[in-house]
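Trainee: Dropping a prediction and its sequence here:
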Amino acid sequence: MRRITLSSTLALIILATPRVAPCQESSSPQPPSPTRELMDLMAGRDVAIGITDDVIAALAAKYPDVPSEDWDEFRVMVHGEEYAELTAAIWERHFTAEEIEGLLEFYRSPLGQKLVATKPLIEHDIWEDASGWSLRAAKIVAEIHARGYSSAPEE
């Protein structure tokens, strides 16, 4: 059960953490693609790394038997080039080049930059304020189960 919990937690981190990685340096530096530039503008690489590092530190404290090398490998994977390319391709499936340019225009603007700067604070406030809400929701589900209702059987 501990392994499933750890795996689920790590999957949640990957899905919830903004994914931004810089384009790798090459012998002839090329500018990032518009999609990669958008990802950089939207999330801010330092914010993404900070969030992931904080979560990994908390998990490492909760799972002290996991070697630090495993956490280092996870950190590299989350911030690595392969994952950044994967997420850029997903963005490109959902937005046209013209839409990406429109988003770039917004995120380059003062309002877009304010959104980027303020978003972590908003998400933190939501996280804190939602904890009471989620406890109330869990109580309602527990009451439903106590009345004899259960979930559908798994196939």
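Mentor: Cool, the structure landed.

Trainee: Local confidence estimate at the closest residue to Ser68 other than its chain neighbours?
Mentor: Spatially, and ignoring its direct neighbours in sequence, Ser68 is nearest to Ala60 (7.1 Å; Cβ to Cβ, 6 or more residues apart in numbering). Where you see a C-beta, it was placed from the backbone N, CA and C, and this is true even at glycine. Looking at Ala60, its pLDDT stands at 89.

Trainee: Figure out how far the helix or strand where Ala60 lies is from the centre of its chain.
Mentor: Element membership for Ala60, per DSSP states H and E: helix 45-62. Centre-to-centre, helix 45-62 and its host chain are 11 Å apart (Cα atoms, centre = their mean, to the nearest Å).

Trainee: Can you list the helices and strands that the next helix or strand after it packs against?
Mentor: Next helix or strand after helix 45-62 toward the C-terminus (DSSP H and E): helix 68-78. Helices and strands touching helix 68-78, by 3 or more Cβ pairs under 8 Å, 6 or more residues apart in numbering; DSSP states H and E, are helix 2-16, helix 45-62.

Trainee: Noted, bye for now.
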